[in-house]
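Visitor: Sequence and computational prediction follow.
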Protein chains: 2
Amino acid sequence: MEEADTIKETKSCPVKFMLAVNDAINVIHGKWKLPIIASLLCDKTRFTEIQRNIPKITPRMLSKELKDLELNGIVKRTVYDTIPVSVEYELSDSGKSIGDFLDKMLEWGLEHRKSVLAK
Amino acid sequence: MEEADTIKETKSCPVKFMLAVNDAINVIHGKWKLPIIASLLCDKTRFTEIQRNIPKITPRMLSKELKDLELNGIVKRTVYDTIPVSVEYELSDSGKSIGDFLDKMLEWGLEHRKSVLAK
DNA sequence: CTATTAAGTATACTTTAGTATAGCGCTATA
DNA sequence: TATAGCGCTATACTAAAGTATACTTAATAG
């Protein structure tokens, strides 16, 4: 099946539609996922570095969210055999392409703000 | 300032970027907002009708989420002076245009599923 | 007189998300 | 020997989100 057909078919099937959209929502869901992804969109980085980039995140949450993102194929974790060990996190291809729909959300958000302020 | 410039400027400003993206996230955030919006994308409808369309939602949650959506300018509520009163909910223009970024999320979700299954 | 419908509200509860704080194993540097 | 940095984990807690169940007001149908 062609790409365009897959999309068309999915839109006509509420269940598949919801599954795919929910995948996207889950990836940005919660207080910290977006800051983490934003941090990794710039550069592959290490644990402590991300912690420094995101004020107020606790190591517990950072660890939890990174695991979650890794499990969902958004983030890749690489351990280097240095002393002491260093660990690098980077976005997968899927992860990098999150920017695609974030841009659309941004545009919608700006439009919406305008229309709300107009009243 | 031109539309395109606003978007460009926003992308270069992390705070504004986050504000606008968060507006979009808030609108679809939680267990029930998306089903409610989906239900209203088809048709303007009444409270009980929405409740029937969304199995398992309680009136408490439906009421809460509709109020929230109304406050955020996504949904418009109209009370008709019939006996007994009937109340109709419909999407605002902003509400209708949510489809724009949902489509992008859908596309991303499908791509992502493919890439995860490929492994 | 009782039951039902519309559009919710009230109260109490459970579950999930997030916070606060401390500590581990390892090594390098002062 | 003490301190600091890295990449976390453990325990205990609070706060936010969601559920369950009952009830309200006003009218109408049986």
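Guide: Great, that's in hand.
Visitor: Stretch A:106-119 and chain B, are they touching?
Guide: Yes: Stretch A:106-119 is in contact with chain B by Cβ under 8 Å from any Cβ of the partner chain, via A:106-113, A:115-116, A:119. In short, each C-beta sits where N, CA and C put it, glycine included.
Visitor: Nearest residue to residue A:18 in space, please, no chain neighbours.
Guide: residue B:34 (7.4 Å; Cβ to Cβ, 6 or more residues apart in numbering or on different chains).
Visitor: Show me the shaky parts of chain A.
Guide: A:1, A:13 (pLDDT under 70).
Visitor: just the strands in it please.
Guide: Remark: strands assigned in chain A by DSSP state E are A:45-46, A:75-80, A:86-91.
Visitor: Is there proximity between the last one and chain B?
Guide: Put plainly, it is strand A:86-91. No: Strand A:86-91 does not reach chain B (Cβ under 8 Å from any Cβ); its nearest approach is 12.1 Å.
Visitor: Determine if any part of that strand is in contact with DNA strand C.
Guide: No: applying Cβ under 7 Å from any atom of the strand, one finds strand A:86-91 separated from DNA strand C by no less than 10.8 Å.
Visitor: That strand pairs with which strands, and in what direction?
Guide: strand A:45-46 (antiparallel), strand A:75-80 (antiparallel) (DSSP bridges).
Visitor: which residues touch that strand?
Guide: A:37, A:40-41, A:44-47, A:50, A:66, A:74-80, A:98 (Cβ atoms under 8 Å, 6 or more residues apart in numbering or on different chains).
Visitor: How many residues are close by residue A:78?
Guide: When neighbours are defined as other Cβ atoms under 10 Å in any protein chain shown, residue A:78 has 11 of them.
Visitor: Quick one, which of the residues of stretch A:106-119 next to chain B are buried?
Guide: Neighbour-count burial (16 or more other Cβ atoms under 10 Å in any protein chain shown) is assigned, among the residues of stretch A:106-119 next to chain B, to A:106-113.
Visitor: How about residue A:53: what's its closest non-neighbour residue?
Guide: Residue A:53's closest residue in space is residue A:39 (Cβ to Cβ, 6+ apart), at 4.6 Å.
Visitor: pretty sure that neighbour is touching residue A:55, no?
Guide: No: in this structure, residue A:39 is not within contact of residue A:55 by Cβ atoms under 8 Å, at 11.5 Å.
Visitor: In terms of neighbours, single out the busier of the two.
Guide: Counted by other Cβ under 10 Å, residue A:39 and residue A:55 do not tie: residue A:39 has more neighbours, with 19 against 7.
Visitor: and the gap between the nearest residue to residue A:70 once chain neighbours are set aside and residue A:60?
Guide: In this structure, residue A:70 finds its nearest non-sequential neighbour in residue A:77, 5.4 Å apart by Cβ to Cβ, 6+ apart. As judged by Cβ to Cβ, to the nearest Å, residue A:77 and residue A:60 stand 17 Å apart.
Visitor: And for residue A:114?
Guide: 39 Å.
Visitor: higher neighbour count, the two?
Guide: A side-by-side neighbour count of residue A:114 and residue A:60, using other Cβ under 10 Å, places residue A:114 first with 12 against 8.
Visitor: rewinding a little: which single one of the residues of stretch A:106-119 next to chain B is nearest to residue A:14?
Guide: Checking these against residue A:14 by Cβ to Cβ gives residue A:108 as the nearest, at 21.6 Å.
Visitor: ok, the residue nearest to residue A:18 touching residue B:25?
Guide: No: between residue B:34 and residue B:25 no contact is recorded; they are 11.7 Å apart, counting by Cβ under 8 Å.
Visitor: Point out the residues in chain A that sit beside DNA strand D.
Guide: Residues of chain A lying near DNA strand D (Cβ under 7 Å from any atom of the strand): A:46-49, A:58-60, A:63, A:67, A:77, A:84-87.
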